[in-house]
Structure formats: C-alpha cells, structure tokens
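Undergrad: Kindly return the folded structure for what I paste below:
(chains A and B)
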Number of protein chains: 2
Amino acid sequence: MDETFKVTPWEVTGKVDYDKLIEQFGTQKITPDLKDQIRDLAGDLHVMLRRDVFFSHRDLDLILQDYRSGKGFFMYTGRGPSQAMHIGHLIPFLFTKWLQDRFGVNVYIEITDDEKFLRSQEYNLDQTRQWSVDNITDIIAVGFNPDKTFIFQDTEYIRNMYPLSLKIAKKITFSMARATFGLDLSSNVGITFYPALQIVPTMFERKRCLIPAGIDQDPYWRLQRDMAEGLGYFKAAQIHSKFLPSLTGPEGKMSSSDPESAIYLSDPPKIVERKIMKYAFSGGQPTIELQRKLGGNPDVDVAFQWLYYYFEQDDYKIRKMEEDYRSGRMLTGELKQILIDKLNEFLEAHRGKRDEAQKLINDFKHDGTLAQEMWKKIHE
Amino acid sequence: MDETFKVTPWEVTGKVDYDKLIEQFGTQKITPDLKDQIRDLAGDLHVMLRRDVFFSHRDLDLILQDYRSGKGFFMYTGRGPSQAMHIGHLIPFLFTKWLQDRFGVNVYIEITDDEKFLRSQEYNLDQTRQWSVDNITDIIAVGFNPDKTFIFQDTEYIRNMYPLSLKIAKKITFSMARATFGLDLSSNVGITFYPALQIVPTMFERKRCLIPAGIDQDPYWRLQRDMAEGLGYFKAAQIHSKFLPSLTGPEGKMSSSDPESAIYLSDPPKIVERKIMKYAFSGGQPTIELQRKLGGNPDVDVAFQWLYYYFEQDDYKIRKMEEDYRSGRMLTGELKQILIDKLNEFLEAHRGKRDEAQKLINDFKHDGTLAQEMWKKIHE
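TA: Next comes the predicted model:
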C-alpha cells in the first residue's frame, strides 16, 4: 500500500509515505536542530511543529538566518475561494498567523478568484468573487495583524501585479506549465497564464519569502525557484505540512467536493456531532469487548489524527490518549466525543471572531498600513 | 506567382491576389453599392475607399444599418509599439480618423506594450512602454477627437479589462490559440493569454464594433466572432485594407525590421529622397530611351503605388500620371520626385502636429471625456 500513494498539486491518493515524499521531491526534513532554532527565536514551538505536521522545508534555515541577521523575511499564502471553507483549509492559516505573531513579519494572502473561475466550467466569476469575500472573513477571523497583512483578490489587484507577471510569464513555456500544473492542449488560455500570477507575490519584497503550504503544492514553487534570481529576487522558501486526513479515511486529503468527508466552519454543533459519530473513520475494534481486549489503532483513526494534528494541543494529554486508545482503555466513542467537544469549542470561537472580522475586511484589503503601501506599489 | 502568395497574421509573402484572399478568408467585397451607401452617409468617400485600398469587410453593411437606425457603432484599432513608426503604420489610423470625423463615433486604440514584450526575447518591458508613449504621440498627431478617443496601454488598463478577459480566455483553448496565433508548445504562457486581451475592446460598448485593419489580421477576429454573442456582445465588424508595398518591391508588406524598405515618420527630407531614389522598386525601363519607347508598368512601380494608395489624392492627377507613365511620357525619376515631394510635405506637416500632440497625451489617456468614462468602467 505504501507503494501506491500519489501526490501531485491536483491529486493526493493512497497512504502517503512522507519520508519517501521528501526524497521524491528533493526537499529537506525539519530536523530537531532546526526546531530548536525556531524555539530559540520564537520562545515556543507551535503544536504543528512539535508533532511534525509541518515536517519538510526548502531554505527554512536561510529564512532563520536572514531573521537573525536583521534582513528579515515575509510570508505568502493564498486561497482558491470556495463556497464554504472547511477545517482543513484553516490549518495553514492558523500556523501562518502563529509565525506572524512570533516573528512580526508581513503576510500576503492571495485570493485567486480568477483561477477558481478559470478551472471550473460550473462557476461564474460573480460566484468566485462572492466566495472570496466570505473566505476572506474566515481568514481574518484567524487573527492576523491588520497592519502587517495584505489580503487581495487577483481580479482587483491585477494592475499592480501585471508588469511583473509578464516578466515571469515570458520565462514559462506552455510545455513547462503543462507538466507542472497538469494542463493539456484543451486547457483554456487563462489557466495557462495563471502560474505567472501565482509567482508574483513571492517577489512582493526584496527579502526572502516563506510559503507555508501542504507539500503537494511544492512543484508549483520549483518554477519560481528556477527563475527568481534571474529576475533579481530570492528563491521562495517553503515549509510543508502533511495532509489533514478526510473524515472518512486516513488516505488522500480532505476535499470540499465530498461534504461528508469534511467539517465546514459553518457546521452547527449537532451536524459536527453527527458527522464525526457517523463518518469518522475509526481505528477501533468492531465491539467494545474486542476494543478492551485488543485495543485500537490511533495511526489510522481519524478522530485521533485530528486531535493530534491540532485540536488537542496538550502534549501530555495527547500521549495519554494515544496509550489509552492503543491499549483498549479508551473506546472509539469516547475518542470521538473528545474531538466533537474540541471541534465545537473551536468552531464557536471562530464564528464569534468571524462576526468581528466582517468589519475588518476593508482594513485588510485597503486601509491597513501594509495594504495602503501595497496599493501604491506597481510590482516590476 | 499568383499561386504562391501567403497571408497569415504574422507573415505576408508573394504577390497577393486579393480577390482570391476574399474567397479564402470568406470575407465580403466592398461593392460599389456599399460605397454609395457610405458616400451618402459620410458626404464623400475617402481616397482609400475610392481606390479599393480598403476592399473587403465583414458586417460593414450591418454597421451602416445600425448607424442609420440610430443604434450607432464604435471603432477599435491598436498598435504593437515599436521603436519608430513608418508610413505603413499610419495608414489605418488616417482612415480611422476619417471615419470618426464623418460618423462622429468613439474610437478605442489599444497599445499592446505587453504583447510586444512577450513576443520578442530582444525587448524589455521598459522599452515597449517607452515606445508606447512615442507611438501614441504619432497616433494623436493624426487628428483624433480627444473627447471621443481613448488610447490605453495594456499594462496600465489591465485592471479594467481583466474580468472580461477571463470570461473570454475561458472560451479559448490552447489548441485554438495555437492555430490562430501561430503558437507552439515552446510559446510562453503570457503570449498564450494575450488573444483574450485583444478581444476585450471589441466589447467596450454594447454596440457593434468596427475594426479597420490589414486583411492579414482577419483570423484574429474569427475567435471573437465565434464567442461574442454567447457573452452578450456583437460580432466584431471589420473593414480590411490591402498592404502598402515595401519600398523595395511589390510583394509582401512593409516591415520595420528592414529599415531600407520603409520610410519612417522621423526620416528627414534628404533621407526620404535618398531612400526613394535608391531603393524604390521601379516599373520603368532601364534607359530613358526605352522608357520613352516602351513605357513603364505602374502596377508594380512602388512610387506609383504609394501615390495611388494615399499620397496623390486627386483622382484626375493620378489617372493622368498612370497614363503618362504607362505610355512613356513620364520617366521613373519624375515619378519618384513627385512621391518625394508629396511624402516630405506630408511628413513635415505630421511632425508639426506631433509637437502639438505631445501636450495632448494625457487627454487621450486620462482626461478626455471618453477616457474619463473608461477609467470608471470595469468591463465584465
């Protein structure tokens, strides 16, 4: 089974062997030493670093070096807007926000209302722009600094990005884009141009750029790394996460297109309870008796995995939970109930912050200190 | 020889058979009846219509119908900026200006600083933007109405065009663009997107758009005509010209890349005289005696062709000239001298207007009535 996994920017299938992926992609493992360096600088270590959810990188060591030397760095992430965001979508933003807090750096968040429209025959541009506003609200609710974060939609910020995007586009042939982005001759000419626009924000500042993202996105940035220095910018650094498993099983990654495999940020407590109880793939035994006797397998149990990835941040508790589950002292239902409570607590808090966030959209897009600067810049 | 001509948007070779081209391209001939209709509405007939320099069209009859019924129409043309414009570049603008005067319509002029940059490895974006300003000055000098003409550079106006360009791009596959625009797998992803941006201005108004251009440009607009109605706009109408022959011969078309084959707008009188005397392909006989005896051939004589296309607008004089040349009463040197005088008179007047035009750039790009409206519009 380990032989059959597949990770591309547009498809993740099978049970991913992350060590093998590091080898395949040619990235670096986040070593204990690198974690120590981060802890020294940040004061603590984010749960997703402690547990190797963020496990791989490119040039993260150089990012820390630039930070220490006073050169600094900035961060870039993005989102293809969708009708509703799920828990899996929020994870990289939570981590990015932590890095912003600890390192005090600028964060640029690209909302690709153009790409989403171009990718699917089902969507019209009004939809992807409406979803953008909705998704931006969820992103703001994560708690970014409004004076150090610029959130922009491609269709609105294009004038400022276009000259640089042309210089980038001139260095990407159709063949290169086809291989990297999974295009073919029947792809539309809008989506063939999009890779250039995705690269522009990595050059928003003459500093090193750090991109936190799922490791499946790595191939996109190889193009950037091939051309960046020729254009007078830095190769983009990256910090890669594993995939939050879908509710229904430990393989692949969570997908919006299957509503039962995901918990949406808008799901009310009863729905969360029902989905977890009904669909969360269990590593437990078929009966209580067998569970008590044989124990469960937390490595494939989705409820445990979600708690481990983020929702149970207490390291002692999660280790205890793992032991109890593996030994049979803890039942599947008990584990699921812990996750349900944690998730609903998280979602309730998020929705409270979302109401506040609605009033801040204009700050992040236009009026904040960084946003104001960015609207004055034409990137060249 | 008639069998061997070739006309594509990126190459014109051989002696073009224009009747055959109408058949090949599936366009319509501008009939005497259509010319009468134009004369009735315009009050007169431009020299290039009288002499069939503009000879072919698509939907020009519908344009006139819309004009008569009060629906109106608008015009669109453009320019890929180059270091220096030559006489051949100015011809379509002179004709467009005449149509604007006679029909009182809006004219949109797209300056494709992006495409020019993307097409050639030699140019950088600063160059194509500098050339844009220079070329815009020459275009303004033609005499367009500053309140009914909007001249825009793609790199500056992109924000206003981008949403509509995405809708257009979504309907053009790479295969389609490849066939129409002469691309291949090694073409860069900027140039593959460009066809969408070229189509946007045909949809600047909810009226029929008339494009005056060389007939070699026709294939570009077939894509537009296939999709326009699906997007809620009109198929672009066109009025097609023949090619002003290059100085050095009656085949192909004038090219900037061969400086001796073209007269530049900046060429001083002595250079014009030297180029015409030295390089202008002659239909005359090798000696004065033979010319007197056998006569010359105005059909291939470039000096005569240039006078016929535009520079001798008196129909009586041009007919007399043709007869005198064909019969041997007029010598090649005499014919060339007439062209030299006409050209230098034209160029001197143009350069005078060019000085004025420099002060008007901002009106055409930003402050004129139409320009102001256009900067407020996001095309959707």
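Undergrad: residue ranges for the helices of the stretch 101-250 of chain A, please.
TA: Remark: helices assigned in the stretch 101-250 of chain A by DSSP state H, counting those that start in this stretch are A:113-119, A:125-141, A:154-169, A:174-181, A:189-199, A:218-227.
Undergrad: Tabulate those helices (CSV), appending mean neighbour count and distance to residue A:361.
TA: Yep, even glycine has a C-beta here, placed from its N, CA and C like the rest. Output for the helices of the stretch 101-250 of chain A, formatted as CSV (neighbours: other CB atoms under 10 Å in any protein chain shown; distance: least, CB to CB, whole Å):
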stretch, mean neighbour count, distance to residue A:361
helix A:113-119, 24, 14
helix A:125-141, 20, 6
helix A:154-169, 23, 12
helix A:174-181, 18, 30
helix A:189-199, 25, 22
helix A:218-227, 19, 27
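Undergrad: would you turn those helices into JSON lines with mean pLDDT and distance to chain B?
TA: Formatted as JSON lines, those follow (pLDDT from 0 to 100; distance: least, CB to the nearest CB, whole Å):
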{"stretch": "helix A:113-119", "mean pLDDT": "96", "distance to chain B": "5"}
{"stretch": "helix A:125-141", "mean pLDDT": "97", "distance to chain B": "6"}
{"stretch": "helix A:154-169", "mean pLDDT": "98", "distance to chain B": "3"}
{"stretch": "helix A:174-181", "mean pLDDT": "92", "distance to chain B": "5"}
{"stretch": "helix A:189-199", "mean pLDDT": "96", "distance to chain B": "3"}
{"stretch": "helix A:218-227", "mean pLDDT": "93", "distance to chain B": "10"}
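Undergrad: Dump those to CSV, plus distance to residue B:122.
TA: Shown next, in CSV, are the helices of the stretch 101-250 of chain A (distance: least, CB to CB, whole Å):
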stretch, distance to residue B:122
helix A:113-119, 30
helix A:125-141, 36
helix A:154-169, 14
helix A:174-181, 21
helix A:189-199, 20
helix A:218-227, 19
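Undergrad: Just the C-alpha atoms of stretch A:304-317, please, in CSV.
TA: Presented in CSV, the C-alpha positions along stretch A:304-317 are these (Å, rounded to 0.1, in the frame of the first residue of the first chain):
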residue,chain,number,x,y,z
PHE,A,304,-7.2,10.7,16.9
GLN,A,305,-5.4,12.1,13.9
TRP,A,306,-7.4,15.4,14.0
LEU,A,307,-6.8,15.7,17.7
TYR,A,308,-3.1,15.1,17.2
TYR,A,309,-2.7,17.5,14.2
TYR,A,310,-4.2,20.4,16.1
PHE,A,311,-7.2,20.1,18.3
GLU,A,312,-5.6,18.6,21.4
GLN,A,313,-2.6,20.8,22.0
ASP,A,314,-1.6,19.5,25.4
ASP,A,315,1.2,17.1,24.7
TYR,A,316,0.7,15.1,27.9
LYS,A,317,-3.0,14.6,27.2
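Undergrad: what residues does that stretch touch?
TA: For stretch A:304-317, the external contacting residues (CB atoms under 8 Å, 6 or more residues apart in numbering or on different chains) are A:47-48, A:50-51, A:53, A:87, A:91, A:94, A:242, A:244-245, A:250, A:283, A:298, A:318, A:321-322, A:325, A:335, A:338-339, A:342-343, A:346.
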